[in-house]
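Undergrad: only geometry, no sequence info:
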């Protein structure tokens, strides 16, 4: 790959990288589509200033460009740059009064730390494979009003894909929303992304009168440890499908002020008031189908509190103009965990609970080599090799309780680097299916670092029959083949808190 010098950035004369392979999905595919900088020059930037320089070096404000980002972008390395094709500001990534731009992270290196991405009066923008974290609206530094990504004032066709947006607290700690749309923003898709650890997930409409924001799609995203606004929708139409919501602490999808939300095949887990109209008497509506509510609690109705549950039913009908294929709600936790967020090599679902990789994301060259980030992983204890099809892959999971930072879905995700732990030394984790499966063998894979199991049972949840039981550490468990829709692994005795990486199930 030949590299030549250019206005503060590296210009890639030839590159195998493609921004947004496969094309935009959801509402971002409408209104002429969202292609970002496709067909334009590809440049690489390692600072916020270089991102602004790339925008300002274009022939016009609409000249297509793909900006590959490698390294950590901060307020300190983001200066205002002037030019006829840009309108930038210091301390924030400003995409203002421009069009036809893609910002694509290189590998796992593109991190926007304490600096937000602000899109104003712009169209045809793609943001992909980036992490934006800890953007504050007060204190130091002050960036983008506290939003990780925000769109405001006559914005059209934005696709944010395979990105991670995170905070470290709520408004009292200086943080605002992770993904906000205001003042006539339309045709937006947020896909395969992670939003976590924030008081506010995001909003559509800044007030009850700001109802010009519409046609927004959210699919295959993970919302985790969010207090509210997942999202808050004021007016307009939004489509939410195949998202995994975990630990929504106060409320989730808040459809209000005449909004219409189509909510289908999502998985809501360990959360409160995940759908409804909250904190206002100005009601919104929803159409629901195929959602799974796993340990969801609902508050009582009042003048300004109208939860959709505990048995949500549709209050409107929403017609979706684009084609889409949904995964079954039961496999959403596994599918989303394998595909959502930055650094997942643009893995997507094929609509049959089986992730695939569409194309590699750009990789670092000698001009910008990202530093590796050390992560702690769980190592599974050795087990006997298994044969046959693991029926747990793509299945649902629940249980009697879980330790902080673990998930039931981890036992069916096919990965031994994630695990479930009970909330104490004993507990239950279950694998479940929409239709009955015949199983005669369960393989339990444990992760190192946890307690030792001293007693266990495998139970047919449909009938309560004990299929097998024993003492000591379970590994490969066989029993008479049984047709069932849900099987339980019960840990009835342990020293410490055990870690279960996988509960595999086989026909024989």
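TA: Here it is on my side, so go on. Keep in mind the model is a prediction, meaning the values are calculated, not measured.

Undergrad: mind listing what's buried in stretch 464-483?
TA: 467, 474, 477, 479, 482 (16 or more other C-beta atoms under 10 Å). Glycine gets a C-beta too; all of them are placed from N, C-alpha and C.

Undergrad: kindly report the same for stretch 103-117.
TA: 103-112, 114-117.

Undergrad: and which of the buried residues of stretch 464-483 is nearest residue 45?
TA: residue 474 (51.5 Å; C-beta to C-beta).

Undergrad: A helix includes the closest one, no?
TA: No: looking at residue 474 with DSSP: H, G, I helix; E, B strand; the rest coil, it is coil, so not inside a helix.

Undergrad: touching, it and residue 453? I think so.
TA: Yes: between residue 474 and residue 453 a contact is recorded at 6.4 Å, counting by C-beta atoms under 8 Å.

Undergrad: residue 80 belongs to a helix, doesn't it?
TA: No: according to three-state DSSP, residue 80 belongs to no helix; its state is coil.

Undergrad: contacts only, for it.
TA: 52, 88, 89, 90 (C-beta atoms under 8 Å, 6 or more residues apart in numbering).

Undergrad: next, residue 31: secondary structure please.
TA: Going by three-state DSSP: residue 31 is coil.

Undergrad: circling back: hmm, which of the buried residues of stretch 464-483 is lowest in pLDDT?
TA: Lowest in pLDDT among the buried residues of stretch 464-483 is residue 474, which has 87.

Undergrad: ok, now which ones touch that residue?
TA: 442, 444, 453, 456, 489.

Undergrad: ok, back up a step: can you pick the most crowded of the contacts of residue 80?
TA: residue 52 (29 neighbours; other C-beta atoms under 10 Å).

Undergrad: torsion angles phi and psi at that one?
TA: Per-residue torsions, residue 52: phi -60, psi -40 (degrees, to the nearest 10).

Undergrad: may I see the buried residues of the helix or strand where residue 166 lies?
TA: If you go by DSSP states H and E, residue 166 is part of strand 164-169. By neighbour count on 16+ other C-beta under 10 Å, the buried set for strand 164-169 is 164, 165, 166, 167.

Undergrad: quick check, nearest of these to residue 346?
TA: Nearest to residue 346 among the buried residues of strand 164-169, with distances taken as C-beta to C-beta, is residue 164, at 13.6 Å.

Undergrad: may I have the beta-bridge partners of that closest one?
TA: Bridge pairing for residue 164 (DSSP bridges) gives the partners residue 131, residue 194.

Undergrad: contact partners for it?
TA: 130, 131, 132, 133, 193, 194, 196, 341, 342, 343.

Undergrad: could you report the distance from it to residue 343?
TA: Residue 164 sits 8 Å away from residue 343, taking C-beta to C-beta, to the nearest Å as the criterion.

Undergrad: same question, residue 115
TA: 19 Å.

Undergrad: next SSE downstream of the strand holding residue 166?
TA: Counting by DSSP H and E, the next helix or strand C-terminal to strand 164-169 is strand 179-182.

Undergrad: and whichever helix or strand comes after that next one, which strands flank it?
TA: Proceeding N to C from strand 179-182, the next assigned helix or strand is strand 185-191, under DSSP H and E. Using DSSP bridges, strand 185-191 pairs in its sheet with strand 155-161 (parallel), strand 214-219 (parallel).

Undergrad: list the buried residues in the longest one.
TA: In terms of neighbour count (16+ other C-beta under 10 Å), strand 155-161 has its buried residues at 155, 156, 157, 158, 159, 160, 161.

Undergrad: from those residues, which is closest to residue 210?
TA: residue 155 (13.0 Å).

Undergrad: tell me the pLDDT of the closest one.
TA: 98.

Undergrad: quick one: it and residue 184 touch, right?
TA: Yes: between residue 155 and residue 184 there is a contact under C-beta under 8 Å: 7.3 Å.

Undergrad: now do the shared contacts for the two.
TA: With C-beta under 8 Å, 6+ apart as the test, residue 155 and residue 184 reach no residue in common.

Undergrad: which residue sits closest to residue 180, ignoring its sequence neighbours?
TA: Once flanking residues are discounted, residue 180 sits nearest to residue 150: 4.4 Å by C-beta to C-beta, 6 or more residues apart in numbering.

Undergrad: wait, doesn't the one you found sit right on residue 185?
TA: No: contact criterion C-beta under 8 Å: residue 150 and residue 185 do not qualify, at 9.2 Å.

Undergrad: counting neighbours, what do you get for residue 259?
TA: Neighbours of residue 259 (other C-beta under 10 Å): 28.

Undergrad: actually residue 60, sorry about that
TA: 10.

Undergrad: residues in contact with residue 400?
TA: So residue 400 contacts 422, 423, 427, 428, 429 (C-beta under 8 Å, 6+ apart).

Undergrad: between these, which is nearest residue 252?
TA: For the contacts of residue 400, the nearest to residue 252 is residue 423 (22.6 Å; C-beta to C-beta).

Undergrad: before we move on, the earlier item: need the buried residues of stretch 103-117 in TSV (columns: distance to residue 283 and secondary structure).
TA: Below are those laid out as TSV (distance: C-beta to C-beta, whole Å; DSSP: H, G, I helix; E, B strand; the rest coil):
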residue	distance to residue 283	secondary structure
103	37	strand
104	40	strand
105	40	strand
106	45	coil
107	45	coil
108	43	coil
109	45	coil
110	41	coil
111	40	strand
112	37	strand
114	38	coil
115	37	coil
116	32	coil
117	33	strand
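
Undergrad: quick check on residue 49: phi, psi?
TA: phi -60, psi -40.

Undergrad: which ones are touching residue 190?
TA: By C-beta under 8 Å, 6+ apart, the neighbours of residue 190 are 160, 161, 179, 216, 217, 218, 219, 221.

Undergrad: whoops, residue 292 was the one
TA: Residue 292 touches 266, 267, 268, 329, 330, 332, 396, counting by C-beta under 8 Å, 6+ apart.

Undergrad: for the closest residue to the second one other than its chain neighbours, helix, strand, or coil?
TA: Right, the one you point to is residue 267. The shortest distance from residue 267 to any non-neighbouring residue, by C-beta to C-beta, 6+ apart, is to residue 332 (4.0 Å). Recorded secondary structure, residue 332: helix (three-state DSSP).

Undergrad: count of neighbours near residue 332?
TA: Residues near residue 332, counting by other C-beta under 10 Å: 31.

Undergrad: just to revisit the earlier point, now, the contacts of residue 80 that are in strands?
TA: Judged by DSSP state E, strands contain none of these.

Undergrad: out of the residues you listed, which comes closest to residue 232?
TA: residue 89 (26.5 Å).

Undergrad: in strands only, show me the contacts of residue 474.
TA: Short answer: the contacts of residue 474 in strands (DSSP E) are 442, 444, 453, 456, 489.

Undergrad: which of those are buried?
TA: For these, buried by 16+ other C-beta under 10 Å: 442, 444, 453, 456, 489.

Undergrad: hang on, the earlier thing: contact partners for the residue nearest to residue 267?
TA: Applying C-beta under 8 Å, 6+ apart, the residues near residue 332 are 242, 243, 244, 265, 266, 267, 292.

Undergrad: can you give the domain ranges for this structure?
TA: 11-339, 396-506 (automatic domain parsing).

Undergrad: what about the shortest one, start to end distance?
TA: Translated: domain 396-506. One end of domain 396-506 to the other measures 15 Å (C-alpha to C-alpha, to the nearest Å).

Undergrad: was I right about residue 491 contacting residue 421?
TA: No: using C-beta under 8 Å, residue 491 is not in contact with residue 421, being 9.7 Å away.
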